[in-house]
Each structure stands twice: as structure tokens, then as C-alpha cells.
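>>> Just to be clear, the model below is a prediction. Sequence and coordinates:
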Amino acid sequence: MSNFTPVSSLLGGLLIGLAAALLWLANGRIAGISGIVGNLPSARTGDVAWRISFLAGLILAPLGYAALAGTPVVRLDASAPILIAGGLLVGFGTRLGGGCTSGHGVCGMARFSRRSIVATCLFMAAGFVTVFVMRHIVGS
């Protein structure tokens with residue numbers, strides 16, 4: 001099985017960019033998932049509907065894809081505690097960095113935000129180091 005999927009990767013990237021651009025053009029909002037979710041409890045009345053719609057799309061789109069094209073095979077090589085710890089660290093990092101990959105990496109970099117460029121470089125570097133350590137030092 002090959003992990004090289006240029007066509008589906010390109011299409012996925014285009015859809016993410018299109019969704020971010022449409023949200024920006026329609027609502028003047030950044031498509032940063034951590035901000036959308038994190039600010040939902042304190043959102044003004046007019047902001048609640050688009051936030052819920054955006055999040056519903058994140059859930060319904062994969063379900064629609066699975067119904068049309070089937071469910072992809074997913075193999076996880078990590079234990080549940082490692083996955084939970086990783087999820088908590090990602091959540092902590094998004095709060096610490098003032099945003100997530102979609103907010104900084106997609107929307108912020110498209111606006112040439114220096115803060116987002118630095119944040120993206122830092123979380124990419126952290127990801128590279130983590131993969132290196134897990135594969136070559138810790139071993140699996």
C-alpha cells in the first residue's frame with residue numbers, strides 16, 4: 001500500500017483552501033478550528049449559527065465521503081493513552097500558540113501574517129522532531 005496520494009492530497013488541499021476562502025469572504029472570519037470551537041461558548045448570537053454549521057460540516061463531510069467512496073483503512077500504531085496524551089498536548093499547544101494549523105497554517109500564512117508564519121514553522125519543526133524521536137530514538 002502506497003502512502004503517496006498526490007491527487008487526493010491536492011483535492012483535499014483545494015477544498016480546505018476553498019472553505020477557508022468562502023468563510024473569509026462570506027463572514028470575514030478565519031477558519032481556525034481551535035478559535036471556532038474555543039469561542040463557541042462565548043459567541044454572540046449571530047456567530048453561533050455559522051460556527052455550528054462549520055463544525056457540522058467537519059463531521060458530516062467525512063460521513064458523506066464514506067457513504068459514497070467507502071471507509072478508508074486506518075491503522076493506528078499507538079496505544080489509547082498515547083493518543084489521548086497527544087490530543088491533550090495538541091489542545092494545549094493550540095491555546096499556547098493562539099491558534100491551530102488551520103488558523104495559522106492555512107489562513108494566517110495566506111495573509112502573510114508574521115506571527116502565523118513563525119507559529120507554522122514552529123509546529124512543523126516540533127512535528128519533524130517528534131517523528132524523528134519516535135521512529136529513530138524511541139523506536140517502534
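That came through, no problem. Computed from a predicted model, the values in this text were never measured in an experiment. Residues are numbered from 1 along each chain as shown.

>>> Which neighbouring elements make contact with the lengthiest helix in the chain?
In the chain, with assignment by DSSP state H, the single longest helix is helix 45-69. Judged by 3 or more C-beta pairs under 8 Å, 6 or more residues apart in numbering; DSSP states H and E, helix 45-69 is in contact with helix 6-27, helix 33-38. In short, each C-beta sits where N, CA and C put it, glycine included.

>>> if we look at the shortest one, which residues are touching it?
When contacts are taken as C-beta atoms under 8 Å, 6 or more residues apart in numbering, the neighbours of helix 33-38 outside the stretch itself are Arg51, Phe54, Leu55, Leu58, Gly91, Thr94, Arg95, Gly99, Cys100, Ser102, Gly103.

>>> ok, now with 10 Å
By C-beta atoms under 10 Å, 6 or more residues apart in numbering, the list of residues contacting helix 33-38 from outside reads 23, 29-30, 32, 43, 47, 50-52, 54-55, 58, 90-91, 93-95, 97-104, 107.

>>> How about the longest one?
With contact meaning C-beta under 10 Å, 6+ apart, helix 6-27 is reached by 5, 29-32, 36, 46-47, 50-51, 53-54, 57-58, 61, 72, 102-103, 105-107, 110-111.

>>> ok, of these, which come out buried?
Neighbour counting over the contacts of helix 6-27 (16 or more other C-beta atoms under 10 Å) leaves Arg29, Ile30, Ala31, Gly32, Ile36, Arg51, Phe54, Ser102, Gly103, Gly105, Val106, Cys107 as the buried ones.

>>> ok, of those residues, which one's closest to Val138?
Gly105 (26.2 Å; C-beta to C-beta).

>>> Skip the chain neighbours and tell me the closest residue to the closest one.
Thr120 (4.7 Å; C-beta to C-beta, 6 or more residues apart in numbering).

>>> can you tell me how far the one you found sits from Leu40?
According to C-beta to C-beta, to the nearest Å, Thr120 and Leu40 sit 24 Å apart.

>>> So for those two, which sits in the more crowded spot?
Thr120 (20 against 14; other C-beta atoms under 10 Å).

>>> List the contacts of that one.
With contact taken as C-beta under 10 Å, 6+ apart, Thr120 is in contact with Gly97, Gly99, Thr101, Gly103, His104, Gly105, Val106, Gly108, Met109, Ser113.
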